[in-house]
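>>> have a look at this fold, sequence not included:
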């Protein structure tokens with residue numbers, strides 16, 4: 001054992017400031033009172049950029065799939081002749097990959113107060129279906145699902161959210177898996193809303209062999225699976241936006 005040794009460490013940190021933006025769209029609710037409450041659909045649109053060798057991380061699944069699905073869901077709600085009672089917020093957030101900064105900023109500067117935000121549904125990687133090379137994730141509880149599977153992570157703020165998710169999945173033929181460990185509640189932008197006491201749901205098809213690699217390309221996206229996830233979100237969001245909810249608990 002060495003005693004009485006003094007070590008001096010000189011740490012240097014390079015800080016770079018940059019400007020980025022969240023993108024938000026709104027479908028106003030039809031009820032004179034409930035339109036002041038909202039359901040948030042969210043996806044991050046950033047990725048990892050370019051590596052040291054010049055390879056581009058296009059992020060087709062992470063999270064192009066979520067960002068595009070969000071566009072489709074927004075289009076479906078906007079096309080309704082009779083809008084749901086509550087307003088629907090569509091939120092594309094920045095800087096998820098560097099600490100969920102965009103979602104954190106939104107929850108501190110929301111379009112609707114957090115107490116009026118009745119649920120947040122986060123889409124992060126919803127475009128892949130299992131293939132044999134994805135067995136590299138055999139040790140992960142979140143290995144990418146087959147065509148019918150979907151990972152679902154929710155908190156306990158509003159227990160009925162899980163039940164409603166199961167019901168909506170049944171209408172699309174999707175099989176929800178709620179078995180992920182609790183730490184996945186902090187794994188993506190839904191964590192920012194969870195910290196504010198908002199009921200959250202994160203949907204994902206899971207990790208695949210191209211996760212966080214330049215090989216995450218559009219050719220590997222399963223668009224039929226993406227459509228099913230978008231259908232699920234529309235059904236679930238419409239239900240929540242019309243439900244009788246008081247302080248994140250159903251009255252009926």
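Yep, that arrived. All values derive from a computational prediction rather than experimental measurement.

>>> can you pull out the helices in this protein?
For the chain, the helices defined by DSSP state H cover 66-78, 101-108, 160-172, 190-194, 223-242.

>>> pLDDT-wise, which helix or strand of the protein ranks last?
Lowest on mean pLDDT, DSSP states H and E among the helices and strands of the chain sits strand 249-250, with a mean of 44.

>>> tell me which of the helices of the chain sits most buried.
Compared across those, helix 190-194 shows the largest average neighbour count, a mean of 25 (mean count of other Cβ atoms under 10 Å). Placement of C-beta: from N, CA and C, glycine included.

>>> neighbouring contacts of that one?
For helix 190-194, contacts defined as Cβ atoms under 8 Å, 6 or more residues apart in numbering pick out 40, 42, 100, 103-104, 106-107, 114, 117, 120, 122, 153, 155, 157, 185-186, 200-202.

>>> do that again at 7 Å, thanks
100, 103, 104, 107, 120, 122, 155, 185, 200, 202 (Cβ atoms under 7 Å, 6 or more residues apart in numbering).

>>> any weak-confidence spans in the stretch 1-150 of the chain?
Across the stretch 1-150 of the chain, residues meeting the criterion (pLDDT under 70) sit at 1-2.

>>> the strands in it, which residues?
23-27, 38-44, 49-50, 56-57, 87-93, 117-123, 149-154 (DSSP state E, counting those that start in this stretch).

>>> now these in CSV, with distance to residue 226 and mean neighbour count?
Shown next, in CSV, are the strands of the stretch 1-150 of the chain (distance: least, Cβ to Cβ, whole Å; neighbours: other Cβ atoms under 10 Å):
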stretch, distance to residue 226, mean neighbour count
strand 23-27, 19, 16
strand 38-44, 12, 27
strand 49-50, 24, 10
strand 56-57, 20, 14
strand 87-93, 16, 24
strand 117-123, 10, 27
strand 149-154, 11, 22
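
>>> let's have those in JSON lines, adding distance to residue 15.
Output for the strands of the stretch 1-150 of the chain, formatted as JSON lines (distance: least, Cβ to Cβ, whole Å):
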{"stretch": "strand 23-27", "distance to residue 15": "26"}
{"stretch": "strand 38-44", "distance to residue 15": "22"}
{"stretch": "strand 49-50", "distance to residue 15": "18"}
{"stretch": "strand 56-57", "distance to residue 15": "23"}
{"stretch": "strand 87-93", "distance to residue 15": "22"}
{"stretch": "strand 117-123", "distance to residue 15": "29"}
{"stretch": "strand 149-154", "distance to residue 15": "33"}
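
>>> can you list the weak-confidence ranges in the stretch 151-252 of the chain?
246-252.

>>> if we go to 80?
Scanning the stretch 151-252 of the chain for pLDDT under 80 picks out 245-252.
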